[in-house]
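Participant: Structure of the sequence below:
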Amino acid sequence: MAKYTVKLSKPPRGHEVPPLLADVGDWMGQQIHGTLGWFDALAAEAIPAAPLLDERFAAWIAK
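Facilitator: I've put the predicted structure just below:
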């Protein structure tokens, strides 16, 4: 039977995947699909950096 797909991407420089998340991912990858609910995968990835202020807000603050 199919197992859950687990994908934990490499964390950004200066960060690490929390050990508990890595352990849960390892455990989940050994479970038969459907035994934990009906989802297909566990994926964790870095959130892309966003600008702290958009231009309009920055202009308003600069006043």
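
Participant: For Ala43, which three-state class applies?
Facilitator: What DSSP: H, G, I helix; E, B strand; the rest coil gives for Ala43 is strand.

Participant: Contacts only, for it.
Facilitator: If you count contacts by C-beta atoms under 8 Å, 6 or more residues apart in numbering, Ala43 has them with 6-9. Yep, even glycine has a C-beta here, placed from its N, CA and C like the rest.

Participant: Please apply the same query to Leu42.
Facilitator: 4-8, 24-25, 28.

Participant: Could you rerun that using 10 Å?
Facilitator: Going by C-beta atoms under 10 Å, 6 or more residues apart in numbering, Leu42 touches 4-8, 21, 24-25, 28-29, 36.

Participant: ok so, going back, so which of the contacts of Ala43 belong to strands?
Facilitator: Per DSSP state E, strands hold the following members of those: 6-8.

Participant: Need the contacts of Ala43 in CSV (columns: neighbour count and distance to Glu45).
Facilitator: Output for those, formatted as CSV (neighbours: other C-beta atoms under 10 Å; distance: C-beta to C-beta, whole Å):
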residue, neighbour count, distance to Glu45
Val6, 18, 12
Lys7, 11, 8
Leu8, 17, 8
Ser9, 10, 4
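
Participant: And these, which two are furthest apart?
Facilitator: The distance between the two most remote of the contacts of Ala43 (C-beta to C-beta) is 11.2 Å, for Val6 and Ser9.

Participant: Between those two, which contacts overlap?
Facilitator: Counting by C-beta under 10 Å, 6+ apart, the shared contacts of Val6 and Ser9 are 43-44.

Participant: and Gly25, that one's in a helix?
Facilitator: Yes - counting by three-state DSSP, Gly25 falls inside a helix.
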